[in-house]
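>>> dropping a prediction and its sequence here:
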Amino acid sequence: MTAAAFPVLGLPRRRPSALPGFGPTLGFALAYLSLIVLIPLSVLVWRASGLGVGGLVAVATSPRVRAALETSFYLSLAAAALNAVAGLVVAWVLTRYRFPGRAILDAMVDLPFALPTAVAGIALAAIYATNGWVGALVNDLFGIRIAFTPSGIFVALVFIGLPFVVRTVQPVLADLDREVEEASATLGATRAQTIIRVILPALVPAVLTGFALAFARAVGEYGSVIFIAGNMPFVSEIAPLLIIVQLEEFNYVGATAIAVVMLAISFTSLLAINLVQAWCLRRYGHV
Amino acid sequence: MSDAPHPSFRSPLQESTAVRWLLIALAVAFLALVVLLPLAAVFAEALRKGPQAALAAFDDEATWSAVMLTLTVAAITVPANLVFGVAAAWAIAKFEFPARACSSP
């Protein structure tokens, strides 16, 4: 049916695949994706377009919005970076070593996925407040307050981003070819040299992917951050909260403008990480 | 000659014992601080006034309707996303088509 239709339209005939289901699966996937993701995002951009590009830039550079965007993005970057390093260590320890309690810890890594964000936020706020378990300790020893400051936001973002890095790196680490390590050892490399120059470069793409996922989640996180952030404008206000504030004032155009700016910056970051991954593919021959 | 390996022999594929235990300690400490502590705090706060008070929270009609709403929504969205995920994965992995690159992370 399709082979007969294409010549009529003048399109080159697609080579029919032996595997079934291209039409239905692609069609269903596109329809679902459009309904759930593409149409809402398009309406978002369309709503914000009422301001024009100049208006969008004006909204993005207004002092309160800029402070909120900077808070959101810099803290997300820092939290994702810490998660990248700590997540790599955790994934290494969980994959390569045997010790009592390893299976329980492996299951615990999924906890930030399972815990509702509101519950996580309240628990973190309780722990890191100045009368909480850790907050009191840190306050007595260093005089630093954690809860209701940007430090509290950082702690919450580290909590919710941890599983992304660990779960992305673990399968790659488990599938790493031992032969390459053995070859490195037989060629005279010390264990440190093998780890730094053979194993870690192979893990860089996975760590980057985990970093990107943790960063993307942290930027959009609302539920767990709201309780532990001070929510003071210019100090500890995150961008999603600013969107809510605009919505409560029925300033839909302003809210969608901030949302579009966040979307643009997120896409740019993900594009940058994709470019780095493509570079890794060219340089190391694998992703 | 004895078949047993020399007592201080370490396989070249293994880190030294000190490094291993240091890494394990670091990972366990990090997970304990970041993940286990909030979990413990949730249970400690919930049971602070004793298990009776905690169970009394479920006597409320509003609590039950909220829980049922969450469970109902989850029961609908998870299978829907499952079907979408399998369909999209099938289309992306098994076939070549333009704009396929947009779908990879």
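Received the coordinates, thanks. Since the structure is predicted, the reported quantities are computational estimates derived from the model, not experimental observations.
>>> endpoints of stretch A:223-240, how far apart?
Using CA to CA, to the nearest Å, the gap from the first to the last residue of stretch A:223-240 comes to 10 Å.
>>> what residues does it touch?
Surrounding stretch A:223-240, the residues in contact under the criterion CB atoms under 8 Å, 6 or more residues apart in numbering or on different chains are A:63-65, A:67-69, A:71-73, A:75, A:116-118, A:120-122, A:124-125, A:128, A:147-150, A:152-153, A:155-157, A:159-160, A:219-222, A:241, A:258, A:262. Bear in mind the C-beta positions are built from the backbone N, C-alpha and C, glycine included.
>>> swap in 7 Å and give it another go.
Around stretch A:223-240, the neighbours that count as contacts under CB atoms under 7 Å, 6 or more residues apart in numbering or on different chains are A:64, A:67-69, A:71-72, A:117-118, A:120-122, A:124-125, A:128, A:147-150, A:152-153, A:155-157, A:159-160, A:220, A:222, A:241, A:258, A:262.
>>> if any of these are buried, put those into a PyMOL selection.
One line in PyMOL is enough to select the buried members of the contacts of stretch A:223-240, burial here meaning 16 or more other CB atoms under 10 Å in any protein chain shown:
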select buried, chain A and resi 67+68+69+71+72+117+120+121+122+124+125+128+147+148+149+150+152+153+155+156+157+159+160+220+241+258+262
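>>> now do the same contact list for the spatially most central residue of chain B.
Nearest to the centroid of the C-alpha atoms of chain B, with distances taken as CA atoms, centre = their mean, sits B:Val35, at 10.0 Å. Each residue near B:Val35 by CB under 7 Å, 6+ apart is listed here: A:Met108, A:Val109, A:Leu111, A:Pro112, A:Leu162.
>>> that one: what secondary structure?
For B:Val35, the reduced secondary structure class is helix; criterion used: DSSP: H, G, I helix; E, B strand; the rest coil.
>>> ok now do the closest residue to A:Phe28 other than its chain neighbours, which residues does it touch?
The spatially closest residue to A:Phe28, leaving aside those adjacent along the chain, is B:Ala87, at 4.8 Å (CB to CB, 6 or more residues apart in numbering or on different chains). Residues in contact with B:Ala87 (CB under 7 Å, 6+ apart) are A:Thr25, A:Phe28, A:Ala29.
>>> can I get these in CSV including pLDDT?
Below are the contacts of B:Ala87 laid out as CSV (pLDDT from 0 to 100):
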residue, pLDDT
A:Thr25, 85
A:Phe28, 88
A:Ala29, 88
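>>> which of the residues you listed fall in helices?
Those of those mapping onto helices are A:Thr25, A:Phe28, A:Ala29, per DSSP state H.
>>> top of the contacts of B:Val35 by neighbour count?
Neighbour count (other CB atoms under 10 Å in any protein chain shown) singles out A:Leu162 as the most crowded of the contacts of B:Val35, with 28 neighbours.
>>> so that residue versus chain B, what's the distance?
Between A:Leu162 and chain B the distance is 6 Å, computed by CB to the nearest CB, to the nearest Å.
>>> ok, A:Ala218 next?
Remark: distance between A:Ala218 and chain B (CB to the nearest CB) = 14 Å.
>>> swap in A:Gly121?
Computed as CB to the nearest CB, the A:Gly121 to chain B distance reads 9 Å.
>>> tell me what the strand or helix carrying that residue is packed against?
Counting by DSSP states H and E, the secondary-structure element that holds A:Gly121 is helix A:117-128. Taking 3 or more CB pairs under 7 Å, 6 or more residues apart in numbering or on different chains; DSSP states H and E as contact, the helices and strands that helix A:117-128 lies on are helix A:133-142, helix A:150-175, helix A:223-228, helix B:37-46.
>>> let me see the mean pLDDT of it.
Helix A:117-128 shows a mean pLDDT of 89.
>>> thinking again about what came up before, just put the ones in helices among the contacts of B:Ala87 in JSON lines and tack on distance to A:Ala136.
What follows is the ones in helices among the contacts of B:Ala87, written out as JSON lines (distance: CB to CB, whole Å):
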{"residue": "A:Thr25", "distance to A:Ala136": "55"}
{"residue": "A:Phe28", "distance to A:Ala136": "54"}
{"residue": "A:Ala29", "distance to A:Ala136": "51"}
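>>> which of those residues count as buried?
The neighbour-count test (16+ other CB under 10 Å) applied to the ones in helices among the contacts of B:Ala87 identifies A:Thr25, A:Phe28, A:Ala29 as buried.
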